[in-house]
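> Could you look at this predicted model? Sequence included:
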Amino acid sequence: MEIVIAVFIGVWISLSALIAYRQIKKEYENTMENGSK
Amino acid sequence: MNIYFTGMCIAMAFFLGISCLISKKVKDAEDFYVAGRKAPLILIAGSMIASYTSTGMFMGDAAEAYEGALSAMIVFAGMQSAGYILGAVFFGRYLRRSGAMTIPEFFGRRFCSQKMQVLSAVTAIIMMSVYLLSVIQGVGTLMNVVTGMNYKVCIVIAIAVFTFISVVSGSRGVLITDTLMAGLFTVSMLISVIFIASKAGGWFSALTTLAQTPDTSALLTWEGRPDALYETGMDNMIWGISYGIVWCSVCAIGPWQSSRYLMAKDEHTVMRSAPIAAFGVFILEFFVCMTAVIINVLNPNLTESSHVWVWAAMNAVPTCLGVILMTGVLSAGISSATTFLSLIGASAANDLAVAKGNRSVRIGRFVMIMASFVVLVCAIANPPAIFVIMFLGGATAASSWMPVAVGCIFSRRMTKTGAFFGMLSGMAGCFAANLVKTIGGVNLPSYLDPAIIGIVCNVIAIFIGSSLTKVTEEEKRAREELFNIPESECDPVEVKKTLNWSLSGILVGVLMAGLMLVFWIIPLRMS
């Protein structure tokens, strides 16, 4: 069970970072596209 | 005057001196409240760690781990760290982009509503006053135990110091002293961990001893000791997860955390500070709690478990290091207190008095002095309850602000009425549940914490309020403006660097899991 805790926390943080990364990337890409039009 | 008190006095004099020097650079309200919006990465990340870390962690969280709720504390600490990563991207950078002086001003502008600004200012002042009370009680208890001086005298000294720092140097001073204090307690704590573990026979050997001794064998397991928090291990775990969610919200949108973003020099700084704060806070929580458990090897019979780190500083490390460690813990408390106090002043002056320029600074300073006086009276009149009051402050932040903070950016349908009643209902729900729990003596189940009840009330009120009213054109425009990235933030080189920083958050998750495996789980399984 302790191992489940470690894996859960690792996945929780990594997933949050991935979601945040995708949001930043999407927003910058939209801005760049709008700027170039 | 013992050596610990001497060390504390030297540290306090040093921080007072620094704040006097910084005060000369405070020219206007923007300098005073948002550090001129020029703060670099190190100050933003350092201040976020310092604002989180207080006597609540060194005394409250450590006590729970010492008593037998280690795994619940680690689950809560790990989950809350994600709040920094999500908060910076989904709230912090929009906050920074708005150019507001305070978070209540941001809410007011977003919903084009003065009422919304006033309500969020009132909730901010309540939650920060409650948290300030917890911190000052912790600092007073710490100084009282370590120096032997009267508790009330200790509180007066501590309040005088952090009030002076906040009033004289404003946010600019708070950011710099916070970062220095964060450095002091992080370094002194990590070095002390080595000495404490060594005195207990070495880190891994101490874990083996704990696991093989019948009285302490439950301490390191996921279930923990029965009755440490709740009666069963599963209830402890549910508490850890529900509080992990609540504190994830607090770290994402809590005023003492997200207000740092208003001071950042640009949006890239906001986003880059997130993985540092997430990792820094987790490392501190992990080692504070693990070491508190290891102290059971040296002294399993402490009558007051919140003094576990104080006992270790005075008995398990060299005197010189113990002095630095206690000074570091004191600094941790003072650094949080300066943040709370400066935010109380900012909200009162900018959002309630709606003052501008130097008048705003004068009002802010006056309110800070008054707030310190009120907290002083409350701290003297009430017995210390560091853990309970600290969580009450966090619960109020999560229940009143979190759904509104997320919705105001990502919901097209949330109206000012929905947001207003959501925030009000969230705070009222949390407060009512706390009343039922404390005064009514009702034992709520581990998954039904007052903060969770408050969040549910908040969301329901947002839905009802927003469905009965319509989003106005000006509200729509205010929301759309948040998504216009300023040209100055679009430098491709900086954008690429920020994306790489953001990806490093994935590595932080892997490192945290690795840390738990190496320093906790593998030694436990092998013993």
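Arrived safely. This structure is a prediction, so every number in the text was calculated from the model and none was measured. Numbers count the residues shown, from 1 in each chain, chains lettered A, B, ... in the order given.

> Can you show me the helices along chain A?
A:2-36 (DSSP state H).

> Quick check: residues of it near chain B?
A:1-21, A:23-25, A:27-28, A:31-32, A:35 (C-beta under 8 Å from any C-beta of the partner chain). Yep, even glycine has a C-beta here, placed from its N, CA and C like the rest.

> Can you tell me which of those are buried?
A:2, A:5-6, A:8-10, A:12-14, A:16-21, A:24, A:28, A:31 (16 or more other C-beta atoms under 10 Å in any protein chain shown).

> In contact with residue 7, which residues are there?
With no chain named, the answer covers chain A. Neighbouring residues of A:V7 by C-beta atoms under 8 Å, 6 or more residues apart in numbering or on different chains: B:A513.

> oops, chain B please
For B:G7, the contacting residues are B:323-324, B:326-327, by C-beta under 8 Å, 6+ apart.

> Need the per-residue pLDDT for it.
On pLDDT, B:G7 comes in at 89.

> Please report how far it lies from B:F519.
Distance, B:G7 to B:F519, by C-beta to C-beta, to the nearest Å: 29 Å.

> which parts of stretch B:506-515 are buried?
By 16+ other C-beta under 10 Å, the buried positions in stretch B:506-515 come out as B:506, B:508-509, B:511-513, B:515.

> Double-check B:V293 against B:L220; I have them as touching.
Yes. Under the criterion of C-beta atoms under 8 Å, B:V293 makes contact with B:L220 at 6.5 Å.

> restrict the contacts of B:G7 to those near chain A?
Among those, not one lies near chain A by C-beta under 8 Å from any C-beta.

> Would you mind checking those residues for buried ones?
Buried by 16+ other C-beta under 10 Å: B:323-324, B:326-327, out of the contacts of B:G7.

> B:A379 reaches B:Q137, doesn't it?
Yes. Counting by C-beta under 8 Å, B:A379 does reach B:Q137; the two are 5.4 Å apart.

> residues bridging contact with the two, i.e. touching both?
Residues touching both B:A379 and B:Q137 (C-beta under 8 Å, 6+ apart) are B:I155.

> show me where the stretch 201-350 of chain B has helices.
In the stretch 201-350 of chain B, the helices defined using DSSP state H, counting those that start in this stretch lie at B:203-212, B:233-253, B:255-258, B:267-298, B:308-315, B:319-346.

> Can you give the contact residues for the third one?
Helix B:255-258 is contacted by residues B:48, B:51-52, B:83-84, B:87, B:91-92, B:95, B:103, B:124, B:127-128, B:131, B:250-252, B:336, B:339-340, B:343, B:347, B:397, B:401 when judged by C-beta under 8 Å, 6+ apart.

> what about stretch B:227-235, how long is it end to end?
End-to-end distance for stretch B:227-235: 10 Å, by C-alpha to C-alpha, to the nearest Å.

> Quick check: buried residues in it?
So, applying 16+ other C-beta under 10 Å, buried residues of stretch B:227-235: B:228-230, B:233, B:235.

> Switch the buried ones among the contacts of B:G7 over to TSV; also include pLDDT.
TSV is the format used below for the buried ones among the contacts of B:G7 (pLDDT from 0 to 100):
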residue	pLDDT
B:V323	91
B:I324	90
B:M326	89
B:T327	88
